[in-house]
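[1] Below are the sequence and a predicted model; questions follow.
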Amino acid sequence: MSIAPDYLGEAASDALRRGRAVGVGNLAILSAELADADALAALEAHTRAGLIITARRAAVLNLANQIAAAAPDPEPVWVDRPDWLDLPGSRAVADPVLDLATPFKGPFRTRSLAGDAASARAAIALVKHAGLIPAVYAVPLAGSNMAITCPAETALALPPAQARVHVSSRARLPLASAEDCQVVAFRPADGGPEHLALMIADPDVRQPVLARIHSSCLTGDVLGSLKCDCGPQLHAAIAAIAANPGGGILLYLQQEGRGIGLLNKLRAYALQDQGWDTVDANTRLGFEPDERDFSLAAAMFKALGVNSVALMTNNPLKVEGLAAHGFTVSRVSHDMPPNPHNAHYLATKRDRQGHML
């Protein structure tokens with residue numbers, strides 16, 4: 001069965017998520033998070049695999065051949081694996097949650113990516129898209145037998161610069177604090193997770209619409225976690241929109257943990273328990289401080305006929321993200337009082353990420 005070129009990136013990402021090796025550009029790769037001894041041995045049938053990690057993670061390990069951690073999207077780093085760097089040892093290189101348990105790592109030898117640079121960037125893009133720790137085992141593609149091979153440029157196009165969505169279903173959804181509510185479900189064209197819009201009352205889309213862009217937070221929204229302010233923000237926003245004479249819209253986006261996914265967010269929580277703040281936890285994992293795609297929100301608003309919003313947020317990135325897609329955006333302050341468990345988290349958002357708290 002052949003796979004259309006436009007879908008190769010998604011197919012390769014899905015295969016990695018299932019623990020399979022795939023080809024990308026010049027490399028054959030395997031997720032460092034999901035690799036077992038048999039899968040790694042199969043990948044290494046002809047040559048010892050290197051380990052590709054992000055520059056963010058390389059900076060944590062004090063590897064020398066990488067751009068400063070503050071630089072946007074720096075090159076990944078190839079770490080050679082001598083005989084002593086076995087599967088458990090290389091997993092500890094990839095996963096920072098193990099740093100305190102394995103504090104002495106190295107010495108490491110890195111090599112220039114040279115002609116593999118685009119392939120290495122594409123490999124990191126694929127595992128990020130799959131919601132995995134951004135680290136892969138890699139060998140030259142030549143001579144490897146991969147079920148799926150994806151061009152580097154296709155992988156680097158994930159996610160698309162401009163999201164495309166279509167309305168999948170609508171239904172009345174009376175809520176405890178907003179009985180006059182309709183839910184609109186959106187399915188993205190790239191096959192990613194579905195997203196929701198709560199249409200509260202009957203907002204006039206010809207006027208600036210009171211709106212909130214809310215990223216999903218299972219731990220806060222559903223379980224009532226006190227480590228963040230997400231649950232209170234969600235419920236306060238719904239109540240405020242319901243109390244607004246013109247109603248409004250709340251977008252609920254499946255972008256858990258600022259876009260790193262639920263499991264990686266829980267890894268970040270473990271790092272926070274070790275003393276790192278939320279920014280350092282994300283970057284130690286190898287991610288950017290915020291990996292979310294605000295073009296999704298723009299596409300959803302446009303599908304609803306909205307061009308101007310009064311946005312309930314204290315995050316300037318949300319305002320900038322919508323404005324970059326041609327929206328007229330005014331900001332409405334939306335912050336919750338701290339509790340003993342999230343006071344440091346809120347201070348980090350204010351002091352290190354520019355939130356207006």
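    On my side now, so go ahead.
[2] Can you mark which positions in stretch 203-219 are buried?
    Buried residues in stretch 203-219, defined by neighbour count with 16 or more other C-beta atoms under 10 Å: 203, 205, 208-217, 219. For glycine as for every other residue, the C-beta is placed from the backbone atoms N, C-alpha and C.
[3] For the stretch 51-200 of the chain, which segments are assigned as strands?
    All strands of the stretch 51-200 of the chain, identified by DSSP state E, counting those that start in this stretch, fall at 77-79, 110-111, 135-140, 149-150, 165-172, 181-188, 195-200.
[4] So for A59, which of these sits nearest?
    Among these, the nearest to A59 by C-beta to C-beta is strand 77-79 (9.2 Å).
[5] what pairs with the closest one, and is each one parallel or antiparallel?
    strand 50-53 (antiparallel), strand 110-111 (antiparallel) (DSSP bridges).
[6] Out of all residues in this protein, which is the farthest from the middle?
    Of all residues in the chain, P245 has its C-alpha farthest from the mean position, at 35.3 Å, by C-alpha atoms, centre = their mean.
[7] separation between it and V306?
    17 Å (C-beta to C-beta, to the nearest Å).
[8] low pLDDT regions in the stretch 201-350 of the chain?
    Judged against pLDDT under 70, the stretch 201-350 of the chain has no low-scoring part.
[9] And the strands in it, which stretches?
    According to DSSP E, counting those that start in this stretch, the strands that the stretch 201-350 of the chain contains are 209-215, 248-253, 308-312, 328-332.
[10] Turn these into TSV, including distance to E10.
    Formatted as TSV, those follow (distance: least, C-beta to C-beta, whole Å):
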stretch	distance to E10
strand 209-215	22
strand 248-253	19
strand 308-312	30
strand 328-332	31
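[11] of the ones you listed, which approaches A152 most closely?
    Per C-beta to C-beta, nearest to A152 of the strands of the stretch 201-350 of the chain: strand 248-253, 27.9 Å.
[12] before we move on, back to that, confidence-wise, which of the strands paired with strand 77-79 is weakest overall?
    Mean pLDDT is lowest for strand 110-111 out of the strands paired with strand 77-79, coming in at a mean of 86.
[13] ok now that one, how far from the chain's centre?
    How far strand 110-111 lies from its chain's middle: 27 Å, per C-alpha atoms, centre = their mean, to the nearest Å.
[14] who's L27 bridged to?
    Note on L27: beta-bridge partners by DSSP bridges are V24, P140.
[15] I'd say it and A123 touch.
    Yes. Using C-beta atoms under 8 Å, L27 is in contact with A123, at 6.2 Å.
[16] returning to that earlier point: can you check which of the strands paired with strand 77-79 gets nearest to V79?
    Of those, nearest to V79 by C-beta to C-beta is strand 50-53, at 4.5 Å.
[17] Let me see the residues that make contact with that closest one.
    If you take C-beta atoms under 8 Å, 6 or more residues apart in numbering as the criterion, strand 50-53 is touched by 29, 32, 61, 76-81, 85, 90, 93-94, 111, 120, 123-124, 134-139, 286.
[18] redo that, cut-off 6 Å
    Strand 50-53 is contacted from outside by 76-81, 90, 120, 123, 135-136, 138, using C-beta atoms under 6 Å, 6 or more residues apart in numbering.
[19] what do you get for stretch 101-121?
    24-27, 52, 63, 65, 76-80, 92, 152.
[20] Repeat that for stretch 210-229.
    230-231, 234, 237, 241, 244, 248-256, 262, 297, 309-312, 318, 336, 339, 341-342.
[21] Show me how to select, in ChimeraX, the buried members of the contacts of stretch 101-121.
    Selecting only the buried entries of these in ChimeraX, with 16+ other C-beta under 10 Å as the criterion:
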select :24,25,26,27,52,63,76,77,78,79,92,152
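[22] Now render the contacts of stretch 101-121 as JSON lines, adding distance to Y7.
    Supplementary listing: those in JSON lines, determined by distance: C-beta to C-beta, whole Å:
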{"residue": "V24", "distance to Y7": "14"}
{"residue": "G25", "distance to Y7": "17"}
{"residue": "N26", "distance to Y7": "21"}
{"residue": "L27", "distance to Y7": "20"}
{"residue": "I52", "distance to Y7": "24"}
{"residue": "L63", "distance to Y7": "35"}
{"residue": "N65", "distance to Y7": "35"}
{"residue": "P76", "distance to Y7": "24"}
{"residue": "V77", "distance to Y7": "30"}
{"residue": "W78", "distance to Y7": "28"}
{"residue": "V79", "distance to Y7": "31"}
{"residue": "D80", "distance to Y7": "34"}
{"residue": "A92", "distance to Y7": "35"}
{"residue": "A152", "distance to Y7": "16"}
